[in-house]
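Asker: Would you be able to build a 3D model of this:
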Amino acid sequence: MSLTKDPGLEAQRLRTVVWVVSLATVGLIFDGYDLVVYGTVVSTFLRDPSHIGNVTPAAAGALGSYALVGVLVGALLAGSVGDILGRRKVMLFSYAWFSVGMGITALTTTTTIFGLMRFITGLGVGALVATTGALVSEYAPKGRKNLCNAITYSGVPLGSLMAAMLAIVLLEHIGWRGMFLIGALPLFTLLPLAYFKMPESVAWLASRGRLDEARAISERTGVEIPEAVPTAAGTVVPVTAGKAGFAGLFAPPYLFPTLLLGLMSATGLVLVYSLNTWLPELMLRAGFNAKGSLLFLLVLNGGAVIGALAGSRVADRFGPKPVVAACFVIGATSIALLTLSFPLGILLAIVAVVGLGTSGTQTLIYGFVANYYRTNVRGAGVAWCAGFGRLGGVGGPLLGGFLIGGGFALDAIFYVLAGIGLLGLLLTLLVPVARTRELRSTLIEPTPQAAPGKIAAAVPSKI
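Answerer: Model (predicted):
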């Protein structure tokens, strides 16, 4: 009997999926918090040199980018290391790494050391972002993969939202150092829990030929061994057709889509980090007070969470490509609307839609990528998306610093960002439809009629 036919195993599998998605989401909540908390305190640095020294708009943009350079390096390294050590070990190490990094950053007193620690912290953040999508995709049930990834990666804008909320309530009481110390909490909370409750990927173990470990975790979690088939001798062997890791990522049929997906991610992250870093400052310059400007950041990320979750349900039904394309259009249009004079309530509603079309779009891109590739390329694919895409993340704060420091009008800045959203639409439309061949895991005794080594029927999936 197939694992999916047994009610007990199905309940066991559901519990496992809930644990994996919940822990992964909390990890990315702190991930998003760590990356965006800088945007809540940058105005403090610009106006008061007593904290870490004199900070100009250009220097502030550079400081905002250092963490994202670290994310780029960490993500690309995780794509290789994760294929060797496994998803679980990389994720646990990442929790510890970025927590310690945030704690040390809170103690810095110069721009040089602050920037260095932002880079070092970013290494752990990048490794986590790159690995999480692969693990969640391999545990998510069929027909719910985009939803599970959207829930998980919504942790990033949720973390951003949390940073904005806590800054509104606590910044004047605990200062910027206290805000950064909050980012160190996973070391004492999430890490111990994940150590006991986060299983290794069954699919990854099977693809590495570690079948005994894969079976043991499969029995404990109720999760099938995918892309594995029974031989005539009754043993289960993994199917690892094609090159694995980055070698498979940059070989046919994935080379062209990989380049496009990387550029899509970079485009989306230009919008995400330019807005998350500079929106409070832009709104200060538009005449709002400090708390009012932070409210825009909160609404931006709230819209991202709601939009990504709603979009993921549509993506599971119709495929992620048209949904991502539509969200880029929504993002570009709503950013352009910020140039018009509206009452505060309408302006906040538009900013929420901007969140859907920027951070929400990026969340859907991660789900798109995680489900686009076969198992032995998936980790590298997510790492590429998170790593190469961070070039856009690096450019976002720098772009904002350049435009603000250059004296550009607010309307001109918003039009530039809207144009970047339209570029993302074009890249999305160029991505070819993926037709991968995934094999069902039967885990049944082979019938006498089955020929030795005969494999299960291939199940085409269309993304």
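Asker: Low-confidence regions, the stretch 1-150 of the chain specifically.
Answerer: Within the stretch 1-150 of the chain, the stretches with pLDDT under 70 are 1-8, 80, 82-83.
Asker: which residues in it form helices?
Answerer: Counting by DSSP state H, counting those that start in this stretch, the stretch 1-150 of the chain has helices at residues 7-47, 57-85, 87-105, 111-139, 145-153.
Asker: Taking helix 7-47 as reference, get the angle to the third one.
Answerer: So the one you mean is helix 87-105. 20 degrees (axes from the mean of the first three to the mean of the last three CA atoms, to 10 degrees).
Asker: Please write out the alpha-carbon positions of helix 87-105 in CSV.
Answerer: Output of helix 87-105 as CSV, limited to C-alpha atoms (Å, rounded to 0.1, in the frame of the first residue of the first chain):
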residue,chain,number,x,y,z
ARG,A,87,19.7,21.0,4.0
ARG,A,88,19.2,20.6,7.8
LYS,A,89,22.8,21.2,8.8
VAL,A,90,23.1,24.4,6.7
MET,A,91,19.9,25.8,8.2
LEU,A,92,20.9,25.1,11.8
PHE,A,93,24.3,26.6,11.2
SER,A,94,22.7,29.7,9.6
TYR,A,95,20.4,30.3,12.6
ALA,A,96,23.4,30.4,14.9
TRP,A,97,25.6,32.5,12.5
PHE,A,98,23.2,35.4,11.8
SER,A,99,22.1,35.5,15.5
VAL,A,100,25.6,35.9,16.7
GLY,A,101,26.3,38.4,13.9
MET,A,102,23.3,40.6,14.9
GLY,A,103,24.4,40.5,18.6
ILE,A,104,27.9,41.7,17.7
THR,A,105,26.6,44.4,15.3
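Asker: Packing partners of it?
Answerer: With contacts taken as 3 or more CB pairs under 8 Å, 6 or more residues apart in numbering; DSSP states H and E, helix 87-105 sits against helix 7-47, helix 57-85, helix 111-139, helix 155-182, helix 190-197. The way it works is simple: take the backbone N, C-alpha and C, and place the C-beta from them, glycine included.
Asker: right, so of these, which gets closest to residue 317?
Answerer: Among the helices and strands packed on helix 87-105, the nearest to residue 317 by CB to CB is helix 111-139 (17.4 Å).
Asker: Any buried residues in that closest one, and which?
Answerer: Judged by neighbour count (16 or more other CB atoms under 10 Å), helix 111-139 contains these buried residues: 111, 114-139.
Asker: Report all helices and strands that it contacts.
Answerer: Helix 111-139 sits against helix 7-47, helix 57-85, helix 87-105, helix 145-153, helix 202-207, helix 359-370, helix 375-388, with contacts defined as 3+ CB pairs under 8 Å, 6+ apart.
Asker: of all those, which lies closest to residue 419?
Answerer: The closest of the helices and strands packed on helix 111-139 to residue 419 is helix 359-370. By CB to CB, the value is 15.2 Å.
Asker: what's the angle between that closest one and helix 111-139?
Answerer: 50 degrees.
Asker: Send me helix 359-370 as CSV with only the CA atoms.
Answerer: Only the C-alpha atoms of helix 359-370 are listed here, as CSV (Å, rounded to 0.1, in the frame of the first residue of the first chain):
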residue,chain,number,x,y,z
SER,A,359,8.1,41.8,-1.7
GLY,A,360,5.1,39.7,-2.5
THR,A,361,6.3,39.1,-6.0
GLN,A,362,9.7,38.1,-4.7
THR,A,363,8.1,35.6,-2.4
LEU,A,364,6.3,34.0,-5.4
ILE,A,365,9.5,34.0,-7.4
TYR,A,366,11.2,31.8,-4.7
GLY,A,367,8.3,29.3,-5.0
PHE,A,368,8.5,29.5,-8.8
VAL,A,369,12.2,28.6,-8.6
ALA,A,370,12.0,25.9,-5.9
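Asker: Pull the distance from that helix to the chain's centre.
Answerer: Centre-to-centre, helix 359-370 and its host chain are 7 Å apart (CA atoms, centre = their mean, to the nearest Å).
Asker: other SSEs contacting that helix?
Answerer: Helices and strands touching helix 359-370, by 3+ CB pairs under 8 Å, 6+ apart, are helix 111-139, helix 145-153, helix 155-182, helix 255-285, helix 290-318, helix 320-337, helix 375-388.
Asker: Distance to residue 189 added to the ones you listed, as a markdown table?
Answerer: Below are the helices and strands packed on helix 359-370 laid out as a markdown table (distance: least, CB to CB, whole Å):
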| stretch | distance to residue 189 |
| --- | --- |
| helix 111-139 | 15 |
| helix 145-153 | 18 |
| helix 155-182 | 11 |
| helix 255-285 | 24 |
| helix 290-318 | 21 |
| helix 320-337 | 32 |
| helix 375-388 | 24 |
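Asker: Out of the ones you listed, flag the one nearest residue 248.
Answerer: Between residue 248 and those, the tightest spacing by CB to CB is seen for helix 375-388, at 4.2 Å.
Asker: So what's the gap between that closest one and the chain middle?
Answerer: 11 Å.
Asker: Hey, what's the angle from the following helix or strand past that helix to helix 375-388? Just curious.
Answerer: For helix 375-388, the following helix or strand on the C-terminal side (DSSP states H and E) is helix 390-405. Helix 390-405 and helix 375-388 are oriented at 20 degrees to each other (the same axes, to 10 degrees).
Asker: Quick check: which helices or strands does whichever helix or strand comes after helix 390-405 pack against?
Answerer: Next in sequence after helix 390-405, counting helices and strands by DSSP H and E, comes helix 410-430. When contacts are defined as 3+ CB pairs under 8 Å, 6+ apart, helix 410-430 sits against helix 255-285, helix 320-337, helix 390-405.
Asker: rerun that using 10 Å as the cut-off
Answerer: The contact analysis (3 or more CB pairs under 10 Å, 6 or more residues apart in numbering; DSSP states H and E) places helix 410-430 against helix 255-285, helix 320-337, helix 344-357, helix 359-370, helix 390-405.
Asker: Next, the angle from that helix to helix 255-285.
Answerer: If you take the same axes, to 10 degrees, helix 410-430 sits at 160 degrees to helix 255-285.
Asker: any low-confidence regions in the stretch 251-400 of the chain?
Answerer: The model of the stretch 251-400 of the chain has pLDDT under 70 over residues 289-292.
Asker: wait, doesn't residue 167 sit right on residue 280?
Answerer: Yes - shown here, residue 167 and residue 280 form a contact pair, counting by CB atoms under 10 Å, at 8.7 Å.
Asker: Neighbour count for those two, which is higher?
Answerer: Per other CB atoms under 10 Å, whichever of residue 167 and residue 280 has more neighbours is residue 280, with 28 against 25.
Asker: The closest residue to the more buried one other than its chain neighbours - how many residues pack around it?
Answerer: Distances taken as CB to CB, 6 or more residues apart in numbering place residue 293 nearest to residue 280, at 4.2 Å, with adjacent residues excluded. Neighbour count of residue 293, defined by other CB under 10 Å: 22.
Asker: got the contact list for residue 293?
Answerer: The neighbourhood of residue 293, defined by CB atoms under 10 Å, 6 or more residues apart in numbering, consists of 40, 43, 164, 168, 279-287.
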